[in-house]
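*Asks:* Got a sequence here, can you model it:
(3 chains)
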Amino acid sequence: MNIQGENKTQNRILSLLPLWIVIGFFMIGPLLVMAVVSLMESNVYGGVHFKFSLSGYRQILFDTNLFDEIEFNPAYLIIIARSFMLALAATFLSLLIGFPAAYFISRQSDRVKNILIFLVTIPFWTNLLIRTFAWIIILGKGGVIESSFNFFGLLDEESSLNLMYTNSAILIGLVYSYLPLMVLPIYASMEKMDLRLLEAATDLYSNRIELIRKIILPLSMPGLIGGSILVFVPCLGAFIAPDLLGGGKKLLLGSLIQFQFSYARNWPFGAAMAMFLLALVILVLIFNARLNRKHREYANQK
Amino acid sequence: MQTKNKKRKFRYVWNFPGFGGWTAIFFGFLYIPIFILVCYSFNSSKFAMIWTGFSFRWYAKLFSNDDIQTATINSFIVAFAAAPLATIIATFSALALVRGGEFRFREFSSGLITLPLMVPEIVTAVATLIFFASLGINLGLINVIIAHTVFCIPFAFMPIKAALEAMDPNLELAARDLYSDKTSTFKTITLPLLTPGILSGFMLAFVISIDDFIITLMVAGGGATTLPVYIYSMVKMGVSPEVNAVSSLMLAFSIFIVTLYWFFNRKINN
Amino acid sequence: MMEKKVNAIDVRNVTKIYTSGNAQTKALKNANLTIYDNEFFTLLGPSGCGKTTLLRLIAGFEDITDGSINLFNQEIVNLPPNKRPVNTVFQQYSLFPHLNVYENVAFGLRRLKKDASFVESRTFEVLELVQMKEYANRKPNQLSGGQQQRVALARALAPEPKVLLLDEPLSALDLKLRQAMRFELKTLQRETGITFVFVTHDQEEALTMSDRIAVINEGEIQQIGEPEQIYESPSNKFVANFIGEANLLSGVCKTSGENGVCELDTGHELNLFVPPHIKQNDKVTIFIRPERIKIEKSSKDKSQLRISEFTYLGNAATIQLKSNNQLINVNLPIEDLKIFKKDDYVDLHFPKESAQVID
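*Replies:* From the prediction side, this is the model:
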């Protein structure tokens, strides 16, 4: 609608101005400043020395030894690789756990469906720090798991299962943190699916496994991809799970960046790592946009 | 010979065996840790991990802990400042984006709204820290409020946009047709009908602000500690039953607000 | 003595183009029409033909690309909708969901700053008129579709508009209710004396209710006239096909003029009026309604027309005659049902004035 003689442009600009100012100044601004800082030299006392330098980025791969020689240092590369592997594993596990649950929920009556989906979203709205902290009580020394082992005589009082501060503990924390984000988009794409398609496929001699492989999986693909991205991206930059459950021993990208600003006080390096993480995320999002476009083109071709 | 007349249990083709049980395990995985946390908050033992008996003592202790009270007050100050700001910005943006037709900055503006959701939280946190530090802006809680306003905008925006899209645009035209000008149409039709959506947006923004930890941890200087940041420092010093108690209260608060939001939304939809 | 007609709405050279991105859609192309005061005027056409666009231009919900619209000889295109003394009944009623029936109906009067006692008396008067007085305190979602329809009518009538615009108001109702509402709407229009501009895609609705009809297709006005005129002598093939059933038979002109002769491709010669601009041996299309054709039995050597389809309808039958490549539809009255059967050879007759050469 466009009512005769009414100027909408002015209204639009006035309405959007606060958004442009707040996000522009306090979101894009900080990202730009961070990009600049990543190209500066670090100051011995923490903070930034305003002189152009690539040392922040160089430090990701190389180190300067006692004799001022530059040598290859794989330590950070290992952290990056570990972050990547853990994020991938967490995504895969979430998919495995979330897919059947999403399917089951989508096949319930409207009433039940709404309640179950609400139960899936609740953890998302509660404090992630606290939810992760709950796992310390479960996995920790003398925690719920160890005491139950004790109780059944599977473990003596003095020894420990050493569940905490391991990659597995971090992995459990990551899956636990972001599982709802996997289920919601899968559920959304399954809910729209026509049940008669499954009946038609069965009528044409598909068994249940073929139903999943040939009908359900392809039709819920946009949800699977969307959910995987929603889990993978925050896992890559996760800070709470590696910090609390990895105990700072198993650093991941997120905790490494945070460490540079809290203890190491090497801002340019921290900023460079943050830029690197941002670049990775942008790559993933571009990949996602490509996939989405392909899907849309495919859908339009019909 | 007698034929066996045992009927095989009927199952719809779209019903997969085992999925129900799997879903039960899924919900167990989501909720049992929370349940355990809350249980242990009633543990009378000084050692968080060993159950000795039921007690309210840790809750009672919270009320004599000044630091926790200051942190709680800070959390509420931040949320009560950031959530309304974000809601107002989101409301005006939604009006322009949903009712404004097609225009040049449309894509750009909706991109801006989703930006805080796209950028990893740790990157936003670090960038905001650098930004405030290099501009020398050190206003304590105000820094935190600004940072919270930014990432609350997309959460406030979603329900408002949905409410506006669900609203019949002909209602506004009908009001114009019945001799009401632009201002009075907004006051008598658009705003009253949008209020539930705006309130929903406010509630979500509020919960997100209250719960935020990473960005607050990086941006808040001394004296601007919020409750999650305080809980973090307590956890870092060692697990104590007091942490369980304050965590349980926070969980209960968030769940309460979100449940309120849910019932509220269900009422709108009916 | 002819009463002098007053022009309520003059639509002059109105063009409306929708632009979205680089794509342009012409919704109305140079439309011209006049709607008289006290008239029940219908805009009829298939969906997407531009009839609703024209209505929305009159209401002021769209900006006009070119042309002018006058309301009782006053230019209104530059007025916003709230300054135009016309009111609209929307297709989905669009009642304000947060206001009760009374407040919905009083809405326009309050915006016009009428004094409180008048608002109350007028609101109840209009609610009485549509028999919704006892529902004044209900919210719209507590009403049935038909009741919402009445409230929507009352809301638009309350401010006493000079013209009432109705955008397919009956399309959301079920069949029975729709037929009852037709009659009521027509009565309401006669009682209030307000000019109604009614948009519909339903030809039956248009024929039964309207004083005059404008048939619109692809943004162009095809024909304006009284219902009988439009049904009996459509001005082109679109109108002939869109309203009722039509046979459009191709043939060649033999003689033109008042006592013209045309030969159909089936070999039949027809006696009818052929407009003088058509010359001998010109190809022509001849329009005739199926119910105007009478058939009688013939035999294979006398006629090439064979009954190729016989569809029994209970109270009548439709049959399809085939000859060469031409199909002719005929409605068979109930008393002739037993006489004819499939594959019979027949001959056809019809009154001269019911056939017509058409563009």
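*Asks:* and A:E157, how many neighbours?
*Replies:* By other CB atoms under 10 Å in any protein chain shown, 8 other residues sit near A:E157. The C-beta positions use only the backbone N, C-alpha and C, and glycine is treated the same way.
*Asks:* Correct me if wrong: it contacts A:N150.
*Replies:* Yes: in this structure, A:E157 sits in contact with A:N150. The criterion is CB atoms under 8 Å, and the distance is 6.6 Å.
*Asks:* Can you tell me the closest non-neighbouring residue to C:S298?
*Replies:* Once its chain neighbours are removed from consideration, C:S298 has its nearest residue in C:D347; the separation is 4.2 Å (CB to CB, 6 or more residues apart in numbering or on different chains).
*Asks:* Tell me what that neighbour is bridged to.
*Replies:* Counting by DSSP bridges, C:D347 is bridged to C:E296.
*Asks:* what's the distance between it and chain A?
*Replies:* 51 Å (CB to the nearest CB, to the nearest Å).
*Asks:* correct me, but that residue touches C:R306?
*Replies:* No: using CB under 8 Å, C:D347 makes no contact with C:R306, being 11.3 Å away.
*Asks:* before we move on, the earlier item: ok now do the residue nearest to C:S298, which residues does it touch?
*Replies:* Applying CB atoms under 8 Å, 6 or more residues apart in numbering or on different chains to C:D347 gives the contacts C:295-298, C:302-303, C:305.
*Asks:* For PyMOL, what selects the buried ones among those residues?
*Replies:* Buried members of those, defined by 16 or more other CB atoms under 10 Å in any protein chain shown, are picked up in PyMOL with:
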select buried, chain C and resi 295+298+303+305
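*Asks:* name the helices or strands packed onto whatever helix or strand B:T23 lives in?
*Replies:* In this structure, B:T23 sits in helix B:19-40 according to DSSP states H and E. In terms of contacts (3 or more CB pairs under 8 Å, 6 or more residues apart in numbering or on different chains; DSSP states H and E), helix B:19-40 is packed against helix A:75-106, helix A:110-125, helix A:128-139, helix A:167-191, helix B:241-269.
*Asks:* comparing those helices, which gets the lowest mean pLDDT score?
*Replies:* Out of the helices and strands packed on helix B:19-40, the stretch the model trusts least by mean pLDDT is helix B:241-269, with a mean of 87.
*Asks:* tilt between that one and helix A:110-125?
*Replies:* For the pair helix B:241-269 and helix A:110-125, the angle between their directions (axes from the mean of the first three to the mean of the last three CA atoms, to 10 degrees) equals 140 degrees.
*Asks:* quick one: C:G251 and C:Q356, what's the gap?
*Replies:* Taking CB to CB, to the nearest Å as the measure, C:G251 falls 12 Å from C:Q356.
*Asks:* and for the two, which residues touch both?
*Replies:* C:I286.
*Asks:* And the pLDDT at the closest residue to B:L112 other than its chain neighbours?
*Replies:* On the basis of CB to CB, 6+ apart, the spatially nearest residue to B:L112 that is not a chain neighbour turns out to be A:I23, at 4.5 Å. With respect to pLDDT, A:I23 scores 95.
*Asks:* CA atoms of the helix or strand where A:I23 lies as CSV?
*Replies:* Using DSSP H and E, the element containing A:I23 is helix A:8-23. These are the backbone C-alpha positions of helix A:8-23, laid out as CSV (Å, rounded to 0.1, in the frame of the first residue of the first chain):
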residue,chain,number,x,y,z
LYS,A,8,7.3,7.4,3.5
THR,A,9,11.1,7.9,3.0
GLN,A,10,11.3,10.4,5.9
ASN,A,11,9.4,8.1,8.2
ARG,A,12,11.5,5.1,7.4
ILE,A,13,14.8,7.0,8.0
LEU,A,14,13.5,8.4,11.3
SER,A,15,12.4,5.0,12.5
LEU,A,16,15.6,3.2,11.5
LEU,A,17,18.0,5.9,12.7
PRO,A,18,18.3,4.6,16.3
LEU,A,19,19.1,1.1,14.9
TRP,A,20,21.7,2.4,12.6
ILE,A,21,23.3,4.5,15.3
VAL,A,22,23.3,1.8,18.0
ILE,A,23,24.4,-1.2,15.9
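*Asks:* Sort out which residues of it are buried, please.
*Replies:* Quick answer for helix A:8-23 (16+ other CB under 10 Å): A:11-12, A:15-16, A:18-20, A:22-23.
*Asks:* Output the contacting helices and strands for that helix.
*Replies:* Helix A:8-23 is packed against helix B:66-99, helix B:106-118, helix B:141-166, with contacts defined by 3+ CB pairs under 8 Å, 6+ apart.
*Asks:* Give the other helices and strands that the first one contacts.
*Replies:* It stands for helix B:66-99. Here helix B:66-99 is seen to pack against helix A:8-23, helix B:106-118, helix B:141-166, helix B:191-211, helix B:227-237 when contacts are counted using 3+ CB pairs under 8 Å, 6+ apart.
*Asks:* Could you export the last one as PDB, CA atoms only?
*Replies:* Extracted C-alpha coordinates of helix B:227-237, given in PDB (Å, rounded to 0.1, in the frame of the first residue of the first chain):
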ATOM      1  CA  LEU B 227      25.100 -11.700  39.000                       C
ATOM      2  CA  PRO B 228      26.400 -14.200  36.300                       C
ATOM      3  CA  VAL B 229      29.900 -12.600  36.500                       C
ATOM      4  CA  TYR B 230      29.800 -12.900  40.300                       C
ATOM      5  CA  ILE B 231      28.700 -16.600  40.000                       C
ATOM      6  CA  TYR B 232      31.600 -17.200  37.600                       C
ATOM      7  CA  SER B 233      34.100 -15.900  40.200                       C
ATOM      8  CA  MET B 234      32.500 -18.000  42.900                       C
ATOM      9  CA  VAL B 235      32.700 -21.100  40.600                       C
ATOM     10  CA  LYS B 236      36.300 -20.300  39.900                       C
ATOM     11  CA  MET B 237      37.100 -20.200  43.600                       C
END
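*Asks:* Okay, now the unreliable bits of the chain?
*Replies:* In the absence of a named chain, this looks at chain A. Low-confidence regions of chain A, defined by pLDDT under 70, span residues A:1-8, A:44-47, A:66, A:248, A:300-302.
*Asks:* my question was about chain C
*Replies:* Confidence mapping of chain C against pLDDT under 70 gives the ranges C:1-3.
*Asks:* Spell out which residues of it are next to chain A.
*Replies:* Chain C has residues C:60-64, C:77-81 near chain A, with proximity defined as CB under 8 Å from any CB of the partner chain.
*Asks:* excluding its backbone neighbours, what's nearest residue 137?
*Replies:* Going with chain A. What sits nearest to A:I137 in space, not counting adjacent residues and going by CB to CB, 6+ apart, is A:G143, at 5.5 Å.
*Asks:* meant chain B, my bad for not saying
*Replies:* B:N143 (6.4 Å).
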